[in-house]
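Undergrad: Return atomic coordinates for the entry below.
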Amino acid sequence: MKINNEICQAFLTGERALFGSEYLRVKDTIFDDGESPLKESHDIALSGCMFKWKYPLWYCKDIEVKNCTWFEMGRAGVWYTKRICVEDSAIEAPKNFRRCEDVILKNVSFPNAAETLWNCDRVTLAQVTAKGDYFAMNSSDLKVSNLTLYGNYSFDGAKNVEIHDSRLLSKDAFWNSEAVTVCDSFISGEYLGWNARNLTLINCTIESLQGMCYIDNLVMKNCKLLNTTLAFEYSTVEADITGTVDSVLNPSGGTITADFIRELTIESDRVDPSKTKVVCRQENQRPAPVCRKK
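TA: Got it, this is the predicted structure:
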C-alpha cells in the first residue's frame, strides 16, 4: 500500500476528524467523541488504534487494520466499504460490516455481534469468535474457517458459503440459504436449515430438534446426529449418517442411510413413501416405519 503521511499517538475528536483521507498510516491513535472520523477515505493503514464512537469507516476503500479495538459505542463501524482486511482485533460494537465487499477478518473477536456482516459480498473469516444473533444475514460468497459462533438465526439468506472446522451454537442456522457447504464442524441448534436449497454437510456432528426440514437437496456425508429428532420433514435428502438417528419424519424423497433409526414416521397423506429409501446398516434393528393415512 502506498503511504504518504503518518499520524501517531493522536487523540482525535469531533465529527469527520480525518474525513476523506488518503494514503495515510495511523498508529496508536484514539478516535474519541465524534462520528464518521474516516468516512470516504481510501488507502489507509491502521494499527493499534481505538474507535470509541460511531461510524468510523463508511464508504471507504482499501483499508488495512491490525491490532485495533472497536469499543461498544463504535457501533455500525464499517458500512459500504470495499476491500478491507482486519487482523488481530477486538470489535465490541454491534452492527458492524454492512453492505461491504471483499472483507477479510483474521483472528477477530465480536463479543456483541448482533446484526453483524449483513449483505456483504466476498467475505473471508479465519479464527473468528462471535456472539450475537443474525450473524452474516443475506451475505454471499463466504469462506469461513475456525469460526466459533454463539448466536441464533445465523447465515439467514446467505449464498455460496463454505465453512470448515467451526463450532456453531445457533438456533435456526442457514434458514433460506442457498449453496452452503459445512465440513468438519459442530452445529447445535433447533430447526437447522429450514427452507434452504443445496445444503451440504460433510463430517459434521449435529444436535437439533426438527433439524434439516423443508430443504431442497440436502446432502449429508459421514455425519453424526446426536439427540436429533423429527429430522428431514419435507426435505429431499441424500444422507449417510454414522450412528443412530433418534427420529425421522416425512422426508419428501431421496435416500437416508444410518446405523439405526429409532423412530421412522411416514404419513402417506403428506408424502409419497415410495420416493424415499431408508437403509439401516443394523438391519436386524431397523424399526418398521409408521406409514399411515389419516
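Undergrad: Show me the strands in the stretch 101-250 of the chain, by range?
TA: Taking DSSP state E, counting those that start in this stretch to define them, one finds strands in the stretch 101-250 of the chain at 101-110, 121-131, 140-150, 159-164, 167-169, 178-183, 186-188, 197-202, 205-207, 216-225, 236-241, 244-249.
Undergrad: Using JSON lines, lay out these together with distance to Cys280, mean pLDDT and mean neighbour count.
TA: Backbone N, C-alpha and C define where each C-beta goes, glycine included. Shown next, in JSON lines, are the strands of the stretch 101-250 of the chain (distance: least, CB to CB, whole Å; pLDDT from 0 to 100; neighbours: other CB atoms under 10 Å):
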{"stretch": "strand 101-110", "distance to Cys280": "42", "mean pLDDT": "98", "mean neighbour count": "20"}
{"stretch": "strand 121-131", "distance to Cys280": "38", "mean pLDDT": "98", "mean neighbour count": "19"}
{"stretch": "strand 140-150", "distance to Cys280": "33", "mean pLDDT": "98", "mean neighbour count": "19"}
{"stretch": "strand 159-164", "distance to Cys280": "29", "mean pLDDT": "98", "mean neighbour count": "19"}
{"stretch": "strand 167-169", "distance to Cys280": "28", "mean pLDDT": "98", "mean neighbour count": "20"}
{"stretch": "strand 178-183", "distance to Cys280": "25", "mean pLDDT": "98", "mean neighbour count": "19"}
{"stretch": "strand 186-188", "distance to Cys280": "24", "mean pLDDT": "98", "mean neighbour count": "20"}
{"stretch": "strand 197-202", "distance to Cys280": "20", "mean pLDDT": "98", "mean neighbour count": "19"}
{"stretch": "strand 205-207", "distance to Cys280": "19", "mean pLDDT": "97", "mean neighbour count": "20"}
{"stretch": "strand 216-225", "distance to Cys280": "14", "mean pLDDT": "98", "mean neighbour count": "19"}
{"stretch": "strand 236-241", "distance to Cys280": "10", "mean pLDDT": "97", "mean neighbour count": "20"}
{"stretch": "strand 244-249", "distance to Cys280": "9", "mean pLDDT": "94", "mean neighbour count": "21"}
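Undergrad: got the buried residues for stretch 58-72?
TA: Using 16 or more other CB atoms under 10 Å as the test for burial, stretch 58-72 gives 58-71.
Undergrad: List the contacts of that stretch.
TA: With contact meaning CB atoms under 8 Å, 6 or more residues apart in numbering, stretch 58-72 is reached by 1, 36, 38-52, 56-57, 77-93, 96, 112.
Undergrad: Dump that stretch to CSV, restricted to CA.
TA: Taking C-alpha atoms only, stretch 58-72 is exported to CSV below (Å, rounded to 0.1, in the frame of the first residue of the first chain):
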residue,chain,number,x,y,z
TRP,A,58,-18.1,4.3,6.0
TYR,A,59,-17.7,4.4,2.2
CYS,A,60,-14.0,3.6,2.4
LYS,A,61,-11.7,1.6,0.1
ASP,A,62,-8.5,-0.3,0.5
ILE,A,63,-8.2,-0.4,4.3
GLU,A,64,-5.8,-2.4,6.4
VAL,A,65,-6.5,-2.8,10.1
LYS,A,66,-4.2,-4.6,12.6
ASN,A,67,-4.4,-4.8,16.4
CYS,A,68,-7.2,-2.3,16.7
THR,A,69,-10.2,-2.1,19.1
TRP,A,70,-13.8,-1.0,18.5
PHE,A,71,-15.4,-0.1,21.8
GLU,A,72,-19.1,-0.5,22.4
